[in-house]
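Colleague: From the sequence below, what's the structure:
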Amino acid sequence: MDIKLNRGMPGMPQVPPHLPTLLIGLGVVIAGFGLLLLFNPWLLQWLVAGVFLVIGLFLLLAGIRAKKLLG
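Modeller: Have a look, this model is predicted:
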């Protein structure tokens, strides 16, 4: 089966032209962030605490809305 990369397969969406650049940039940013976490362990502690705070706040707000909904 011959796949033409310029036009793509019939019925399939084409790959956006800037997708590889976006993926490479995102990979570099994530790898840099990983290095930053490697040399600053306290930053990981704050990030994990922040994630738990956000999840807890969402659950709290959902519980308050559910309680108002039930009366």
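
Colleague: I'd like the next helix or strand past the helix or strand hosting residue 20.
Modeller: Using DSSP states H and E, residue 20 sits in helix 19-39. Once helix 19-39 ends, the next helix or strand along the chain (criterion: DSSP H and E) is helix 41-70.

Colleague: and that following helix, how far from the chain's centre?
Modeller: 18 Å (CA atoms, centre = their mean, to the nearest Å).

Colleague: And stretch 26-41, by the same measure?
Modeller: Relative to the centre of its chain, stretch 26-41 is centred 15 Å away, using CA atoms, centre = their mean.

Colleague: avg pLDDT for that stretch?
Modeller: For stretch 26-41, mean pLDDT is 94.

Colleague: Stretch 44-58 now?
Modeller: 96.

Colleague: Which of the three states applies to residue 14?
Modeller: Of the three states, residue 14 takes coil under DSSP: H, G, I helix; E, B strand; the rest coil.

Colleague: circling back: which other residues reach the helix holding residue 20?
Modeller: When contacts are defined by CB atoms under 8 Å, 6 or more residues apart in numbering, helix 19-39 is touched by residues 43, 44, 47. In short, each C-beta sits where N, CA and C put it, glycine included.

Colleague: Apart from its chain neighbours, what residue comes closest to the first one?
Modeller: It refers to residue 43. residue 37 (5.7 Å; CB to CB, 6 or more residues apart in numbering).

Colleague: count of residues packed around the one you found?
Modeller: The number of residues packed near residue 37 is 13, by other CB atoms under 10 Å.

Colleague: For burial, what's the neighbour tally of residue 43?
Modeller: Residues near residue 43, counting by other CB under 10 Å, number 13.

Colleague: repeat for residue 58
Modeller: Counted with other CB under 10 Å, residues neighbouring residue 58 total 10.

Colleague: With the one 3 residues further on instead?
Modeller: Other residues lying near residue 61 total 10 when counted by other CB under 10 Å.

Colleague: Residue 50 too?
Modeller: The number of residues packed near residue 50 is 10, by other CB under 10 Å.
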